[in-house]
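# Dropping the sequence and predicted coords here.
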Amino acid sequence: MIPGVDGFMYPNETELQWSLLIVLYPYITGLVAGAFILASLERVFKVEAVRPTYRLALLTALAFLLVAPLPLQLHLGHPERSFEMYLTPHASSAMAMFGFVYLWYLTVVLLLEVWLEFRADIVYMAQTTTGFTRLIYRALTLGSQNVSPEARRIDEKVGYVITVIGIPSAFLLHSYVGFIFGSIKANPWWSTPLMPIVFLFSAMVSGIAAVLLLYVGSMKAKKLRIDMRCLDTIAKYLFYVFLVDFSLEMLDLIHRTYEADESFRSLDFMVHTRLWGSHVLLQICAGTLGPLAILASTQLWKFSEARRRVLYVTACCLTEVGIFAMRWNVVIGGQLFSKSFLGYTTYKVAFAAREGLLPAIGLMILPFVIFVVLIKLLPPWTAHESA
Amino acid sequence: MDLSRRDLFKIGGKLLVLASAGATLEQIVGAEPAPDAYKMADHWWGMIIDIEECIGCGNCVRACSKENQVADGYFRTWVERYVIEEEGKQPQVESPKGAIEGFPPLLREDVKSFFVPKLCNHCADSPCVQVCPVGATFRSPDGVVLVDKTYCLGCRYCVQACPYGCRFLDPRTDTVDKCTLCYHRITQGLTTACCENCPTGARQLVDFKNPKDPVHEFLRKNKVQVLKPYMATEAKVFYKNLDGAVR
């Protein structure tokens, strides 16, 4: 009897190949895609109410995108060879394309859009600061000091085009992550054409919730007034997107239950035992039904501003827990049962190991550190808010 | 004769060009391989396994482990014992340490029981090859799925993609390891270590491209099955007398 194993696992299956770090990967890229899509609401779809979060959303996306490949690097047996994915990519591999999708999104979409958006501020800082700070800003201008109204109009136009390109790119980034899992026919827990679309909507949910939390947090920290119209609008969009996400996930669940193919007994057993806490309690009850009920209540009844803020923040915190649990259930849950459907294994997170809890916590703190550096370097608050 | 350094370089350079040309000519003219040299294009390897012949002794697992220096606790080949008490009910399956020490005796006689040797199926349309991000795992022209350990990233996407559980991360190299069908042996005209050490001949290495290989008659005369045919991987390990309960 192998400890932690019930029934029969193929002998090479008893230890999990993809760990907690691989849970972080879709979670972090989801936040990136979601934050960017929220930013595009203002830029492309002219939702003026969310304007106060536009710059914040861009910086959130950038901070998380810079960290996104790190869990993968830490997970690889030979990270020093990872550059081979760019040099000799295997065209039939879904994973091989990650490097290109990532580079495209980072350089063509996000860095360019952030630069264009903040260019006038960067030029202003390059002219008004001194010493080392001045050097940094001068470098960030990339030699372009022209902020004439004509130049800014061009910035605006190019920025618009990039956002338009950015929306399908953000969709691609995260639905592609879903495809990495959804295309594995050997694993019935993952193998569904719904996976990319479920990943996309859950990404939007987590990203929108993260930006709302960061907006409230940063305004509180700066002792600035929170724009309730903005908060109400974000919460409304979060509610609608969450409804679609929940419907898709339920559709997947109902479909599996109704079809009840040969893997069903195995998956059903898991949901009722090993994944009961993370799937049923955390993901569905606390992380989905909870925030949906809160958000629905704010749509149905009128609450005071202070109460609405508390409700939104609570809903968004629960949402983050729910989406993280969803990533956990996909990545870890998909490896807890044998491909023979005759047995189950367990996953114990190590603490200070290479793929343990400690590096995972570090990797989750890092985007916030980068975010703080970014908002120091490129303050996202407009003159109106700061006044 | 007074030779300057420049002259020396010139003469040396010319000699080098001549020597290289000579070597190339020799390679071109004398490129005929020895008659018994291994030609990949002439082979298409696979295996046939007769379930009724397997006695679960574990010789194959031990031989494989020794021949290929397989990491402790991991298996390029293993044997499973199925015990079916009642048709339609979930079978009891075990493979203690991959059956490297065989199996404890089964004391019950009122049940259906049989052994199933497993190994990489060297699929012609293998999902593991499809997903490898750098092409470190590949199918050779003679139909053997191999891993280039100097190129493998250790991402383990292939381990997830294999429907049969045949791959693992070798903790000694942090690269993926699997059955090579004893490639170092079969290209020398030998059979695999597992087949050579099977006391009952339950496992047979076969070459589908060799018209004289007994596999053709075997496939004509017997009902055979591959594991998980619905995966459509074009597995090349064929089982005779495979029970429907086997996964």
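Okay, I see it.

# OK, contacts around the residue in chain A positioned nearest to chain B?
Checking chain A residue by residue against chain B with Cβ to the nearest Cβ singles out A:G77 as nearest, at 1.8 Å. In this view, the C-beta of every residue, glycine as well, is placed from N, C-alpha and C. Each residue near A:G77 by Cβ atoms under 8 Å, 6 or more residues apart in numbering or on different chains is listed here: B:152-156, B:169, B:173-175.

# Helices of chain B, start to end?
Ranges of helices within chain B are B:5-29, B:59-68, B:127-131, B:157-161, B:183-186, B:193-196, B:215-221, based on DSSP state H.

# Give me the distance between the closest residue to B:E101 other than its chain neighbours and A:G7.
Spatial nearest neighbour of B:E101, chain neighbours left out: B:G58 (6.0 Å); criterion: Cβ to Cβ, 6 or more residues apart in numbering or on different chains. From B:G58 across to A:G7, the span is 21 Å (Cβ to Cβ, to the nearest Å).

# repeat for A:I162
Taking Cβ to Cβ as the measure, A:I162 and A:G7 are separated by 53 Å.

# what do you get for A:L112?
53 Å.

# ok, now A:E48?
From A:E48 across to A:G7, the span is 58 Å (Cβ to Cβ).

# Look at these two and report which has more neighbours.
A:G7 (18 against 12; other Cβ atoms under 10 Å in any protein chain shown).

# tell me which residues form a beta bridge with that one?
For A:G7, the beta-bridge assignment (DSSP bridges) gives partners A:G343.

# Do I have it right that it meets A:T345?
No - between A:G7 and A:T345 no contact is recorded; they are 9.4 Å apart, counting by Cβ atoms under 8 Å.

# Show me whatever sits in contact with both of those two.
With contacts defined as Cβ under 8 Å, 6+ apart, the residues shared by A:G7 and A:T345 are A:S338.

# Quick check: next helix or strand after the helix or strand hosting A:Y237?
Counting by DSSP states H and E, the element that carries A:Y237 is helix A:228-259. Per DSSP H and E, helix A:228-259 leads on to helix A:264-272 as the next helix or strand towards the C-terminus.

# That following helix packs against which elements?
Where contact means 3 or more Cβ pairs under 8 Å, 6 or more residues apart in numbering or on different chains; DSSP states H and E, helix A:264-272 is packed against helix A:228-259, strand A:343-344.

# Adding mean pLDDT and mean neighbour count, write these out as a markdown table.
Supplementary listing: those in a markdown table, determined by pLDDT from 0 to 100; neighbours: other Cβ atoms under 10 Å in any protein chain shown:
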| stretch | mean pLDDT | mean neighbour count |
| --- | --- | --- |
| helix A:228-259 | 96 | 17 |
| strand A:343-344 | 95 | 20 |
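
# Including distance to A:R81, could the ones you listed go into TSV?
Output for the helices and strands packed on helix A:264-272, formatted as TSV (distance: least, Cβ to Cβ, whole Å):
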stretch	distance to A:R81
helix A:228-259	35
strand A:343-344	33
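
# wait, what's in contact with the nearest residue to B:W78 once chain neighbours are set aside?
For B:W78, ignoring the flanking residues on the chain, the nearest one in space by Cβ to Cβ, 6+ apart is B:G98 at 3.5 Å. By Cβ under 8 Å, 6+ apart, B:G98 lies in contact with A:11, B:61, B:75, B:77-79.

# Before we move on, what's the pLDDT of B:G98?
Reading off the per-residue confidence, B:G98 sits at a pLDDT of 97.

# what's the answer for the one 3 residues further on, then?
In this prediction, B:E101 carries a pLDDT score of 97.

# related to what we said a few turns ago, so how far is B:A37 from the residue nearest to B:E101?
Distance of B:G58 to B:A37, computed by Cβ to Cβ: 36 Å.

# A:L76 too?
Note on A:L76: its distance to B:A37, by Cβ to Cβ, is 38 Å.

# Please identify which of those two sits among more neighbours.
Counted by other Cβ under 10 Å, A:L76 and B:A37 do not tie: A:L76 has more neighbours, with 18 against 8.

# quick one: low-confidence ranges for the chain?
All of this is about chain A. Of all residues in chain A, those with pLDDT under 70 make up the ranges A:1, A:382-387.

# Let me rephrase: I mean chain B.
Low-confidence segments of chain B (pLDDT under 70): B:1-6, B:8-9, B:11-13, B:15-35.

# Spatially central, which residue of it would that be?
Among the residues of chain B, B:L181 comes closest to the average C-alpha position under Cα atoms, centre = their mean, at 2.6 Å.

# pretty sure that residue contacts B:C64?
No - taking Cβ under 8 Å as the contact criterion, B:L181 and B:C64 are not neighbours in contact, 10.5 Å apart.

# Now for those two: what residues contact both?
Contact criterion Cβ under 8 Å, 6+ apart; residues shared by B:L181 and B:C64: B:T192.

# so which of the contacts of A:G77 would you say is closest to A:K220?
Distance to A:K220 across these (Cβ to Cβ) is lowest for B:C155, with 41.0 Å.

# and the closest one, what does it touch?
Residues touching B:C155, when contacts are defined by Cβ under 8 Å, 6+ apart, comprise A:72, A:75-77, A:95, B:133.

# and which of these is nearest to A:P89?
Ranked by distance to A:P89 (Cβ to Cβ), these are led by B:P133 at 6.9 Å.

# re the thing from before, closest one to B:I48 among the helices and strands packed on helix A:264-272?
Judged by Cβ to Cβ, the one of those that comes nearest to B:I48 is strand A:343-344, at 27.7 Å.

# Skip ahead from the closest one and say which helix or strand is next.
Strand A:343-344 is succeeded, C-terminally, by helix A:357-377 (DSSP H and E).

# Relative to the whole chain's centre, how far out is the helix or strand hosting A:E156?
Per DSSP H and E: A:E156 is located in helix A:149-182. Between the centre of helix A:149-182 and the centre of its host chain there is 15 Å, according to Cα atoms, centre = their mean, to the nearest Å.

# so what's B:F168 up against?
Taking Cβ under 8 Å, 6+ apart as the definition of contact, the neighbours of B:F168 are A:12, B:71, B:74-75, B:159, B:176-178.

# Turn those into CSV, including neighbour count.
Rendered in CSV, the data for those read as follows (neighbours: other Cβ atoms under 10 Å in any protein chain shown):
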residue, neighbour count
A:N12, 24
B:A71, 16
B:Y74, 19
B:F75, 27
B:V159, 24
B:V176, 26
B:D177, 25
B:K178, 26
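
# among those, which are in strands?
Assigned to strands by DSSP state E, the following of the contacts of B:F168 qualify: B:176-177.

# could the contacts of B:F168 be laid out in TSV, adding distance to A:D261?
Below are those laid out as TSV (distance: Cβ to Cβ, whole Å):
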residue	distance to A:D261
A:N12	24
B:A71	35
B:Y74	30
B:F75	28
B:V159	23
B:V176	29
B:D177	31
B:K178	28
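
# wait, what's in contact with the residue of chain B found nearest chain A?
At 1.8 Å from chain A, B:G154 is the closest residue in chain B, using Cβ to the nearest Cβ. With contact set as Cβ under 8 Å, 6+ apart, B:G154 has these partners: A:76-78, B:169, B:174-176.

# which one among those residues gets closest to A:Y25?
Closest to A:Y25 out of the contacts of B:G154 is A:L76 (11.7 Å), distances taken as Cβ to Cβ.

# Report the contact partners of the residue nearest to A:L106 when sequence neighbours are not counted.
By the measure of Cβ to Cβ, 6+ apart, the closest residue to A:L106 outside its immediate chain neighbours is A:L65, 5.7 Å from it. Each residue near A:L65 by Cβ under 8 Å, 6+ apart is listed here: A:29, A:32, A:102, A:105-106, A:110.

# 6 Å instead, please
For A:L65, the contact set (Cβ atoms under 6 Å, 6 or more residues apart in numbering or on different chains) comprises A:32, A:106, A:110.

# isn't A:I294 right up against A:L311?
Yes - the criterion here is Cβ atoms under 6 Å, and A:I294 meets it with A:L311 at 5.3 Å.
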